[in-house]
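Novice: How does the following fold in three dimensions:
(one chain, ligands or ions: 2)
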Amino acid sequence: MTKTVATRPYLDQKPGTSGLRKKVPVFQQENYAENFIQSIFDSLDGFEGQTLVIGGDGRFYNREVVQIAIRMAAANGFGKVMVGRSGILSTPAASNVIRKYKAFGGIILSASHNPGGPTEDFGIKYNTGNGGPAPEKITDAIFERTKSIDAYKTLQTADIDIDQIGSFDLEGMVVEVIDPVADYADLMEELFDFNSIRNMFSLGFRMVFDAMSAVTGPYAKEILENRLRAPSGTVRNATPLPDFGGHHPDPNLVHAKDLYDLMMSGDNAPDFGAASDGDGDRNLIIGKDIFVTPSDSLAILAANAHLAPGYADGIAGIARSMPTSAAADRVAEKLGIGMYETPTGWKFFGNLLDAGKVTICGEESAGTGSSHVREKDGLWAVLLWLNILASRGDSAREIVQQHWATYGRNYYSRHDYEGVDSDAANELVEALRGKLDTLPGTKVGDLTVSEADDFAYHDPVDESVSKHQGIRILFDGGSRVVFRLSGTGTSGATLRVYIERYEPDAARHNIETQEALADLIAAAEELAGIKSRTGRDAPTVIT
Ligand code: G6P
Ligand code: ZN
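Specialist: Ligands and ions are numbered 1, 2, ... in the order given. A predicted model of the protein is given here:
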């Protein structure tokens, strides 16, 4: 039976870079999740009788919110929900299901790469019918609604069985519990040359995929070990756990250090290493003895995409987030295709992909993807790498070195200062903003500032404008430093400093990254006064 429950607004339900993310105890407050989900529904039009996709990365509290969302979808008039078995769907798989079955939209439960558990992070985000994260127009409307909501609709019903594949009626709405992996694995099989990758494995190619006890485990097992016949054990930490085994499911050099150490262990290291994050949309790529930065990976994938059947006709264009290095720009230039620079956040790629302006997108934050879905896609990136390796017959190191020799190398690093005082972080950015006009032409150490601005994006498709997306300081010769505050943290502020130097000379392509960037790192400190303003001597994380 449908019932309407009176509620009171929470004033902190503003969606960030990727949906609403809070600590689990915040979500466990009375009606907290219900308020947000009802606010999503109240901000949408025309879903009566339509399909809603529901799934998440399996973290702590996933099952509870899946139950809440199914009941509320029924009470609000959806005709059908498609839910991944046991409430599981990786973020790219959810995007695929929304598109493939022409759903109205989807609710994805995840806090991505943030830790999970009773006192850790949880998140809810809404994706639209194109399979992508809701644009700001919708997330702003949702936030507005959360501030005045006074009731939500739900069903009075026992727990819904989400653990068996099949369909049943729930008070007039169809609940279809689907295999979370099958549709996604089929899509990958269409895009990539599984025969030649299978052949590479059969000839002894060794890889390790670290699923980080998160959602990609079952996907990677099915695709890599079952369909591509990589040896069993290729996928590690393959069982999704509600707390990710107590780790951060963040595929970077800090949290996937075991994989990194293995790949750097000399002759016996596997040929290829990869990892994905909590909800399966990020990727980490490490060749034997070489870490590939996400920015380089984007450029290399774009330059070689035509080797995979799904991209044999070439790519229409490339998009990258502003802080991502300009390595991909050089590929676009050579291919004579469009290059777009967007604010941080995958949602900004949606319009470009829908309009057919770009095929491949990427972000420095370990996200790469294409027009096959409207989310970044960790396993997709891994499979495109495998397809390229199989097709070229070169090692990952050779592919990277040859890429640099052709296009030049963009040395790149990101320094994060996590959990800093929010006021101090805001003041740091404000102070930089205040002096932007005076910087061009001045010297910082030996570097001369050529341009300085506060990045604003003009969407070429819907003409919307997004301001204050990061402070850019560009130096003569193509080097730059970017400052921005993270939009995904859940405690205090995270200051991100992105540092990049372009080096055309192949004789200078094997310098240690921090060393190659030392003068720019010093310039960032001089410009922003990070130490004095944040009280931090060093970054928390360097990637
Ligand atoms: C999420 C988003 C990405 C974004 C990343 C970092 O993964 O989906 O699009 O690049 O967070 O965002 P942040 O605001 O923390 O730098
Ligand atoms: Zn993620």
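Novice: Spell out which parts of the stretch 401-543 of the chain neighbour ligand 1.
Specialist: Neighbours of ligand 1 within the stretch 401-543 of the chain, by CB under 6 Å from any ligand atom: 486, 487, 488, 496. Any C-beta I mention is one placed from the backbone N, CA and C, and that applies to glycine too.
Novice: which of these lies closest to ligand 2?
Specialist: Nearest to ligand 2 out of those is residue 488 (CB to the ion; 9.3 Å).
Novice: so how far is residue 418 from that closest one?
Specialist: For residue 488, the distance to residue 418 (CB to CB, to the nearest Å) stands at 11 Å.
Novice: any idea of the mean pLDDT for stretch 40-56?
Specialist: Stretch 40-56 shows a mean pLDDT of 98.
Novice: Flag every residue of the stretch 1-150 of the chain that's near ligand 1.
Specialist: For the stretch 1-150 of the chain, the residues in contact with ligand 1 (CB under 6 Å from any ligand atom) are 17, 18, 112.
Novice: Most neighbours out of those residues, which is it?
Specialist: Using other CB atoms under 10 Å as the neighbour criterion, residue 112 leads these with 27 neighbours.
Novice: I figured it hits residue 280, correct?
Specialist: No - judged on CB atoms under 8 Å, residue 112 makes no contact with residue 280 at a distance of 9.4 Å.
Novice: which neighbours do these two share?
Specialist: Shared contacts of residue 112 and residue 280, defined by CB atoms under 8 Å, 6 or more residues apart in numbering, are found at 57, 91.
Novice: So, low pLDDT: which residues of the chain?
Specialist: 489-490 (pLDDT under 70).
Novice: before we move on, the earlier item: quick one: which of residue 488 and residue 418 has more around it?
Specialist: residue 488 (19 against 16).
Novice: Ligand 2 versus the closest residue to that one other than its chain neighbours, what's the distance?
Specialist: Closest residue to residue 488 apart from its sequence neighbours, by CB to CB, 6 or more residues apart in numbering: residue 17 at 4.8 Å. Separation of residue 17 from ligand 2 (CB to the ion, to the nearest Å) stands at 11 Å.
Novice: surely residue 17 meets residue 485?
Specialist: No - the pair residue 17 and residue 485 fails to qualify as a contact (CB under 8 Å) at a distance of 10.4 Å.
Novice: Show the subsequent helix or strand relative to the helix or strand hosting residue 36.
Specialist: Using DSSP states H and E, residue 36 sits in helix 32-42. Counting by DSSP H and E, the element after helix 32-42 in chain order, helix or strand, is strand 51-56.
Novice: Output the contacting helices and strands for that next one.
Specialist: Packing contacts for strand 51-56, counted by 3 or more CB pairs under 8 Å, 6 or more residues apart in numbering; DSSP states H and E, involve helix 62-76, strand 80-88, helix 91-100, strand 105-109.
Novice: on contacts alone, who are the packing partners of the first one?
Specialist: For helix 62-76, the packing partners by 3+ CB pairs under 8 Å, 6+ apart come out as strand 2-6, helix 32-42, strand 51-56, strand 80-88, strand 105-109, strand 121-128, strand 151-155, strand 173-178.
Novice: Next: the last one.
Specialist: Using 3+ CB pairs under 8 Å, 6+ apart as the contact criterion, the secondary-structure elements in contact with strand 105-109 are strand 51-56, helix 62-76, helix 91-100, strand 121-128.
Novice: The third one too?
Specialist: Of the remaining helices and strands, those touching helix 91-100 by 3+ CB pairs under 8 Å, 6+ apart are strand 51-56, strand 80-88, strand 105-109, strand 121-128, helix 182-191, helix 378-392.
Novice: Go ahead and confirm residue 400 touches residue 287.
Specialist: Yes - under the criterion of CB under 8 Å, residue 400 makes contact with residue 287 at 6.8 Å.
Novice: which of the residues in stretch 323-330 are buried?
Specialist: 323, 324, 325, 326, 327, 328, 329, 330 (16 or more other CB atoms under 10 Å).
Novice: now do stretch 234-251
Specialist: Residues of stretch 234-251 classed as buried by neighbour count (16+ other CB under 10 Å): 234-238, 240-244, 247-251.
Novice: Mind jotting down where the strands sit in the stretch 401-543 of the chain?
Specialist: Using DSSP state E, counting those that start in this stretch, the strands found in the stretch 401-543 of the chain span residues 409-420, 443-444, 447-454, 457-458, 465-466, 471-475, 480-485, 493-503, 541-542.
Novice: Mutual contacts of residue 488 and residue 418, please.
Specialist: Here residue 488 and residue 418 have residue 494 as joint contacts, going by CB under 8 Å, 6+ apart.
Novice: As TSV, the helices and strands packed on helix 62-76 with mean neighbour count would be great.
Specialist: Supplementary listing: these in TSV, determined by neighbours: other CB atoms under 10 Å:
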stretch	mean neighbour count
strand 2-6	12
helix 32-42	23
strand 51-56	28
strand 80-88	23
strand 105-109	28
strand 121-128	26
strand 151-155	20
strand 173-178	19
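Novice: what's the distance between residue 155 and ligand 2?
Specialist: From residue 155 to ligand 2 the distance is 31 Å (CB to the ion).
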